[in-house]
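In: Sequence first, then the predicted structure:
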Amino acid sequence: MIEQLKITPIIQVACSKCGIGRTSFYRWRKDDPKFAQATDRAIVEGLERLNDLAESKLISAIQNENVSAIRLWLQNRHPAYSPKLHITGKVGQEIELSEEDAKLLKQALLLAVPDEPKDDEEDE
């Protein structure tokens with residue numbers, strides 16, 4: 001079972017290939033902490049193996065000039081091509097603040113956006 005999970009890290013599929021019921025598998029995990037740890041490690045190893053395989057196939061597709069593969073790679077690996085969220089808008093309502101609220105807002109903004117460093121602070 002452990003070796004099968006390293007090859008196919010999907011519990012249902014691994015159980016089926018080994019002729020073991022899922023209920024038995026989960027009972028064994030519950031009753032045997034060492035088995036549970038071993039299956040967890042096997043699943044992680046299997047997922048890493050599949051990730052390596054998928055990345056290898058993606059690189060092959062890029063080498064074959066597959067534009068979708070190129071786009072996927074760039075969007076996920078290059079900051080200039082990563083998806084960005086831009087929010088713009090206008091608030092159509094003016095709010096009058098009390099003197100106390102205005103003072104609190106000013107203090108909050110000063111804490112959120114510190115002043116530019118002075119020339120003597122830059123050298124420190």
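Out: Yep, it's here.

In: C-alpha from now on. contacts and neighbour counts both.
Out: Will do.

In: in what helix or strand does the residue positioned nearest the centre of the chain lie?
Out: When CA atoms, centre = their mean is applied to the chain, the residue found nearest the centroid is residue 76 (10.8 Å). If you go by DSSP states H and E, residue 76 is part of helix 67-77.

In: Give the other helices and strands that that helix contacts.
Out: helix 33-63 (3 or more CA pairs under 8 Å, 6 or more residues apart in numbering; DSSP states H and E).

In: Just give me how far the helix it packs on sits from the chain centre.
Out: 16 Å (CA atoms, centre = their mean, to the nearest Å).

In: just for this protein, where's the confidence low?
Out: 86, 113-124 (pLDDT under 70).

In: ok, now which ones touch the residue lying closest to residue 38 once chain neighbours are set aside?
Out: Distances taken as CA to CA, 6 or more residues apart in numbering place residue 2 nearest to residue 38, at 6.9 Å, with adjacent residues excluded. Shown in contact with residue 2 (CA atoms under 8 Å, 6 or more residues apart in numbering): 38-39, 42.

In: what do you get for residue 42?
Out: 2-3, 5-6, 9.
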